[in-house]
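Novice: Could you work out the structure for the sequence below:
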Amino acid sequence: MQKGIIGKKIGMTQIFDESGKVIPVTVIEAGPCVVVQKKTVENDGYAALQLGYGDVKVQRVNKPMKGHFDKADVACKKNLKEFRLDDCDALNVGDIVKADTFAVGDSIDVIGTSKGKGFQGAIKRHNQHRLKETHGTGPVHRQAGSMGACSSPSRIYKGKGMAGHMGAEQVTVQNLEVVKIDVENNLIAIKGAVPGPKGGIVYIVDSVKA
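Specialist: Predicted coordinates:
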């Protein structure tokens, strides 16, 4: 991983390229992020940088976290995230990472928490189809139907698609393209959609499959 940053999803819009073609983009407020902690192979067994994003009042931080920020001599941050960069020596504690760490045309992965859908049935959650609505099927048209197990093995196999909680889980969208960068306002326009609601926290990193 060469680059990484924490951001907040602003929303979606569209921009036009030189030929007049419309490009749907998601606008991310990326940074500014401050390096709160630097982990080394000698002390921690691996090399990584901990970035902080989003200011928060000191009263909102517990004592251990306040001591963590005081040790780094940085303001208290709301969101922390570790990035295992290939070249961690290039940054030190207290350095600022801004949107210009990425460039137009970069291929990136965006990690976020998807929108929560609550408790949903098997049709919406697993794309199962409805039962037939004739010949006495009864008021169970949208239920999961047979579980497929009999006296042997007398249980339901793991992984069976059933109703349950849907959404509100970590999702990674791969191979997105950086279309535009506004360094002054710390904005990155990314082609396509990214997971999560407006105002949700996302993590932008280099694409692992580019």
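Novice: got the contact list for stretch 167-174?
Specialist: 109-118, 192-196, 207-209 (CB atoms under 8 Å, 6 or more residues apart in numbering). All C-beta atoms are positioned from the backbone trio N, CA, C, and that covers glycine.
Novice: which residues are contacting stretch 31-38?
Specialist: So stretch 31-38 is contacted by 5-7, 48-53, 68-69, 72, 74-75, 77, 80, 88, 91-99, 101, 186 (CB under 8 Å, 6+ apart).
Novice: In it, which residues are buried?
Specialist: Residues 31, 33-38 are the ones in stretch 31-38 that count as buried (16 or more other CB atoms under 10 Å).
Novice: Using a markdown table, please lay out those residues together with secondary structure.
Specialist: Below are the buried residues of stretch 31-38 laid out as a markdown table (DSSP: H, G, I helix; E, B strand; the rest coil):
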| residue | secondary structure |
| --- | --- |
| Gly31 | coil |
| Cys33 | strand |
| Val34 | strand |
| Val35 | strand |
| Val36 | strand |
| Gln37 | strand |
| Lys38 | strand |
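Novice: and which of those is nearest to Arg155?
Specialist: Of all these, Arg155 sits closest to Gln37, with 46.8 Å by CB to CB.
Novice: Kindly provide the distance from the spatially most central residue of the chain to Gly11.
Specialist: Centroid-nearest residue in the chain, with CA atoms, centre = their mean: Gly112, separated by 1.5 Å. Per CB to CB, to the nearest Å, Gly112 is found 13 Å from Gly11.
Novice: about what we covered before: buried subset of the contacts of stretch 31-38, written for PyMOL?
Specialist: The following PyMOL line selects those of those that are buried, judged by 16+ other CB under 10 Å:
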select buried, resi 5+6+7+48+49+50+51+52+53+68+69+72+74+77+80+88+91+97+99+101+186
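Novice: and stretch 25-39, how far apart are its ends?
Specialist: Distance between the boundary residues of stretch 25-39 (CA to CA, to the nearest Å) amounts to 35 Å.
Novice: So what's the gap between it and the chain middle?
Specialist: Counting by CA atoms, centre = their mean, to the nearest Å, stretch 25-39 is centred 13 Å from the centre of its parent chain.
Novice: got it, and stretch 145-155?
Specialist: That offset, for stretch 145-155, works out to 38 Å (CA atoms, centre = their mean).
Novice: start to end distance for that stretch?
Specialist: Using CA to CA, the distance between the terminal residues of stretch 145-155 is 15 Å.
Novice: neighbouring contacts of that stretch?
Specialist: For stretch 145-155, using CB under 8 Å, 6+ apart, the contacting residues are 131, 156-157, 160.
Novice: Which one (most neighbours) among those residues?
Specialist: In terms of neighbours by other CB atoms under 10 Å, the contacts of stretch 145-155 top out with Leu131 at 15 neighbours.
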